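1. Take this sequence and fold it.
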Amino acid sequence: MEQENSCFHNFDKKYVIIIIGMVLLSAIVVVSILRDWITNDMQNQVSVTGQGKVFYSPDEATVTLGIQIDKASTAEEALKRLNEKMTKVVEAVKGTGISEDDIKTQNYNLNPNYDYNQGSNFVSGYDARQNLIIKIKNIDRNRDLTGQVVAAANGAGVNNISNINFGVSDLNSIKQQARVKAIEDAKSKANELFKAAGVTPKKIVGWYENEGGLGGNQPYAESDMLSSAKEGRGAASVSPQLPSGSQEIVVEIGVNYEVK
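-> Residues are numbered from 1 along each chain as shown. Predicted structure coming up:
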């Protein structure tokens, strides 16, 4: 009886080993087939890159400006002077038609100013600074509006402008136009290349996007008007000329073709 059980046990072991072997062999065959299919599929594909470029006129600007208070005798005085001047600046900017929703604080700093004397540091005053980011809309309808905002802020006490950028409010729409042009360009190139290579395209099996440079967001350096204000020569009476120019967006798209 024991010998009979032993025989059955050995038979079960052999049976399990055979099944495992068959499963492993099947897995190897399936992997080989998939690998050959993927390899052959990739060998029968060609990628062609097209470029789409769209020019546009900016319709909005972003101005970063601020007030710097130097060496006030106390922290309270520094903040008081800063707040008083900034209130005037905000009111002046709003007076040009800018909504309060489009005026926001970028940073607000208060720092002690140290001097060195006879081997030790001591607080000689306090510096305070606040920057505003002002969004100016519809500049395509009023080309002088950006300059008017800068002049109004300067006249109200601004002594620092760090950046002026021009852009477009509906950037996604312009990107989509560039994508369509890029695909059309890729298809045009593909027809010529396939004809020269003697291959026949079957269908488009995919595409990918490489976004190129955005021509917008042109920064302007600090103007002479503001330099004069810093030196105490008074605010300018004429708005600065800040042309926004024509911008461009470039999109590259690679189109994958299956060929035969």
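
2. per-domain residue ranges of the chain.
-> As recorded under automatic domain parsing, the domains making up the chain are 2-36, 60-168.

3. any idea which element the closest residue to Ser188 other than its chain neighbours lies in?
-> Excluding the flanking residues, the one nearest Ser188 by Cβ to Cβ, 6 or more residues apart in numbering is Gly50, at 7.5 Å. Bear in mind the C-beta positions are built from the backbone N, C-alpha and C, glycine included. Using DSSP states H and E, the element containing Gly50 is strand 45-56.

4. Likewise for Ile139?
-> Counting by DSSP H and E, Ile139 is found in no helix or strand.

5. dump the residue contacts of it.
-> The contact partners of Ile139, by Cβ atoms under 8 Å, 6 or more residues apart in numbering, come to 58-61, 145-146, 166, 244.

6. I'd say Glu100 and Leu132 touch.
-> No - judged on Cβ atoms under 8 Å, Glu100 makes no contact with Leu132 at a distance of 11.4 Å.

7. For the longest strand belonging to the chain, buried residues please.
-> Of all the segments of type strand in the chain, defined by DSSP state E, the longest one is strand 120-137. Within strand 120-137, the residues scored as buried using 16 or more other Cβ atoms under 10 Å are 125-137.

8. Likewise for stretch 77-92?
-> By 16+ other Cβ under 10 Å, the buried positions in stretch 77-92 come out as 78-79, 82, 85-86, 88-90, 92.

9. Redo those as CSV? Include distance to Lys195 and pLDDT.
-> Output for those, formatted as CSV (distance: Cβ to Cβ, whole Å; pLDDT from 0 to 100):
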residue, distance to Lys195, pLDDT
Ala78, 73, 95
Leu79, 73, 96
Leu82, 69, 96
Lys85, 69, 96
Met86, 66, 96
Lys88, 69, 97
Val89, 64, 97
Val90, 64, 97
Ala92, 65, 97
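
10. Pull the most distant pair out of those.
-> Between any two of the buried residues of stretch 77-92, the greatest separation by Cβ to Cβ is 21.5 Å, found for Ala78 and Ala92.

11. Tell me where the stretch 1-150 of the chain has helices.
-> 2-43, 75-94, 145-155 (DSSP state H, counting those that start in this stretch).

12. Which one of those helices has the poorest average confidence?
-> Comparing mean pLDDT across the helices of the stretch 1-150 of the chain, the weakest is helix 2-43, with a mean of 56.

13. Neighbouring strands of the strand holding Gly50 in the sheet, and parallel or not?
-> strand 247-259 (antiparallel) (DSSP bridges).

14. Distance from the chain centre to the partner strand, please.
-> 19 Å (Cα atoms, centre = their mean, to the nearest Å).

15. tell me the contacts of Ile57?
-> Just to correct that, residue 57 is Ser rather than Ile. 140, 168, 244, 246-247.

16. show me where pLDDT drops low in this structure?
-> 1-18, 21-43, 211-238 (pLDDT under 70).

17. hang on, the residue nearest to Ser188 packs against Lys187?
-> Yes - between Gly50 and Lys187 there is a contact at 7.1 Å, judged by Cβ under 8 Å.

18. Neighbour count for these two, which is higher?
-> Gly50 (21 against 15; other Cβ atoms under 10 Å).

19. ok, back up a step: from the contacts of Ile139, which single one is nearest Gln106?
-> Nearest to Gln106 out of the contacts of Ile139 is Ala61 (Cβ to Cβ; 15.5 Å).

20. For the closest one, list each beta-bridge partner.
-> The partner residues for Ala61, given DSSP bridges, come to Ile136, Phe166.

21. can you check the one 5 residues further on too?
-> Gly66 has the following beta-bridge partners by DSSP bridges: Asn131, Asn160.

22. Number the residues from 59 up from this point.
-> In the new count, where the first residue is 59, that last one comes out as Gly124.

23. which residues does it contact?
-> Here Gly124 is in contact with 164, 187-190, 216-220 (Cβ under 8 Å, 6+ apart).

24. Need the buried residues of stretch 135-150 in TSV (columns: distance to Val104).
-> Output for the buried residues of stretch 135-150, formatted as TSV (distance: Cβ to Cβ, whole Å):
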residue	distance to Val104
Ala136	66
Leu137	66
Leu140	63
Lys143	64
Met144	60
Lys146	64
Val147	59
Val148	59
Ala150	61
